[in-house]
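K.L.:
I'd like to go over a predicted model; first the sequence, then the structure.
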Amino acid sequence: MWQYAFPLLAVVIWSGNTVVSKMAAGTIAPAEISFYRWLLAAVLFTPLALRPVLRNWPAIRPRLGRIAVLGLLGMVAYQCLAYYAAYLTTATHMGIIGSLTPMMVLALSILLLGQGLSAGAVAGSVLSIAGVLVVVSSGDLGSLLTSGANLGDALMLLAMLAYAVYVILLKRWKMKDVPALQLLYLQIVAAVIALLPLYLLTPKMGLSAANLPLVGFAGLMASMVAPLVWMHAVARIGPSRASMFFNLIPLLTALIAAGLLGESLAPYHAVGGVLTVLGVLLAEIWTAPLRLQLARP
């Protein structure tokens, strides 16, 4: 039973990191915290991963292009968009929108990987999309037709789409010759290299006593501890059981945001969050092929 503490710890850290992204808004520039975060993670990972990477270089070298693409999507595009979104929306909204990611991954798996369309995928998608619409419209769906979605919510949707594409490419490319720790380290290095020009060319606020703890949490806990704990959880209980813990992220993010940021929880947050999570659960549990469901008399 104690093994379930590992995926729980990982999602608690990642939920906290969404709140940290919001706390960073106005304290440190998005390009700065992105660069410092991954630079810190790269420095901390180097003693663990550099020698194994060098030993495994013949297997890694032909995959460097793909590894760079993964780093750009999963660490640069996803996290930078999330930091910019934090300027314009709440951490609670970010957490609930983030819970749509499994549905995005499922949709892309059907389109790009040829995964069969299930009845649960269809019904779950409808529920999850309805939940996100409730949240981004602040409970007033009619407002979406007149004023559109909040820009911060839209940026968060783009961030999660980038992460969903990252997950799909990770599945499609199947780099079995590159162990998970080495692959993570190389993606982090690619992210640091890609973020350096952005860091140099954009305005900076500088490191301070106010933002150093945020950089430390993002670089150590969210970028290093959480992935290591998650990999351990997947190895112990399997990816399917571990992935179920992702459904706790909207709730945990909302609770942490309420406690640390004083964000108020409105009824539409509960409605939207429940609909989104129910949609994901329905897609995971109801896996009967859609064609069989339609063929029934």
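P.N.:
Okay, I see it. All values derive from a computational prediction rather than experimental measurement.
K.L.:
Okay, and residue 48 sits in which element?
P.N.:
helix 30-55 (DSSP states H and E).
K.L.:
Show the subsequent helix or strand relative to that helix.
P.N.:
helix 57-60.
K.L.:
Beyond that next one, next helix or strand please.
P.N.:
Next along from helix 57-60, by DSSP H and E: helix 64-71.
K.L.:
related to what we said a few turns ago, list the buried residues in the helix holding residue 48.
P.N.:
Across helix 30-55, burial judged by 16 or more other C-beta atoms under 10 Å covers 30-42, 44-45, 49, 53. Backbone N, C-alpha and C define where each C-beta goes, glycine included.
K.L.:
Could you do stretch 85-101 as well?
P.N.:
85-86, 89-101.
K.L.:
Work out for me the element the closest residue in space to residue 168 that isn't next to it in sequence sits within.
P.N.:
Excluding the flanking residues, the one nearest residue 168 by C-beta to C-beta, 6 or more residues apart in numbering is residue 108, at 4.6 Å. Per DSSP H and E: residue 108 is located in helix 101-112.
K.L.:
Just the C-alpha atoms of that helix, please, in PDB.
P.N.:
What follows is helix 101-112, C-alpha atoms only, in PDB (Å, rounded to 0.1, in the frame of the first residue of the first chain):
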ATOM      1  CA  THR A 101      -4.400  16.600 -21.000                       C
ATOM      2  CA  PRO A 102      -5.200  12.900 -20.800                       C
ATOM      3  CA  MET A 103      -8.100  13.500 -23.200                       C
ATOM      4  CA  MET A 104      -5.800  15.400 -25.500                       C
ATOM      5  CA  VAL A 105      -3.400  12.500 -25.400                       C
ATOM      6  CA  LEU A 106      -6.200  10.000 -26.100                       C
ATOM      7  CA  ALA A 107      -7.500  12.100 -29.100                       C
ATOM      8  CA  LEU A 108      -4.000  12.300 -30.600                       C
ATOM      9  CA  SER A 109      -3.500   8.600 -30.000                       C
ATOM     10  CA  ILE A 110      -6.600   7.800 -32.000                       C
ATOM     11  CA  LEU A 111      -5.600  10.200 -34.800                       C
ATOM     12  CA  LEU A 112      -1.800   9.600 -35.000                       C
END
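K.L.:
Quick check: mean pLDDT of it?
P.N.:
Mean per-residue pLDDT for helix 101-112: 77.
K.L.:
Okay, buried residues for it please.
P.N.:
Those buried within helix 101-112 under the rule 16+ other C-beta under 10 Å are 101, 102, 103, 104, 105, 106, 107, 108, 109.
K.L.:
quick one: low-confidence parts of the stretch 151-297 of the chain?
P.N.:
By pLDDT under 70, the low-scoring segments of the stretch 151-297 of the chain are 239-241, 280, 283-284, 286-297.
K.L.:
Mind doing that once more with 50?
P.N.:
Per-residue confidence for the stretch 151-297 of the chain (pLDDT under 50) gives these ranges: 290, 292-297.
K.L.:
quick revisit: now do the helix holding residue 108: which elements does it pack against?
P.N.:
Judged by 3 or more C-beta pairs under 8 Å, 6 or more residues apart in numbering; DSSP states H and E, helix 101-112 is in contact with helix 119-136, helix 151-173, helix 267-285.
K.L.:
For the second one, which helices and strands make contact with it?
P.N.:
Read it as helix 151-173. helix 64-71, helix 78-85, helix 91-98, helix 101-112, helix 119-136.
K.L.:
got the angle between the next helix-or-strand element following that helix and helix 78-85?
P.N.:
The helix or strand immediately downstream of helix 151-173 is helix 180-201, counting by DSSP H and E. Calculated by axes from the mean of the first three to the mean of the last three C-alpha atoms, to 10 degrees, helix 180-201 forms an angle of 40 degrees with helix 78-85.
K.L.:
If you count contacts, what does helix 180-201 end up packed against?
P.N.:
helix 30-55, helix 64-71, helix 226-237.
K.L.:
one step back: could you dump the helices and strands packed on helix 101-112 into TSV and include distance to residue 249?
P.N.:
Below are those laid out as TSV (distance: least, C-beta to C-beta, whole Å):
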stretch	distance to residue 249
helix 119-136	14
helix 151-173	11
helix 267-285	9
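K.L.:
would you list those helices in a markdown table and tack on distance to residue 185 and mean neighbour count?
P.N.:
Below are the helices and strands packed on helix 101-112 laid out as a markdown table (distance: least, C-beta to C-beta, whole Å; neighbours: other C-beta atoms under 10 Å):
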| stretch | distance to residue 185 | mean neighbour count |
| --- | --- | --- |
| helix 119-136 | 33 | 21 |
| helix 151-173 | 15 | 19 |
| helix 267-285 | 30 | 20 |
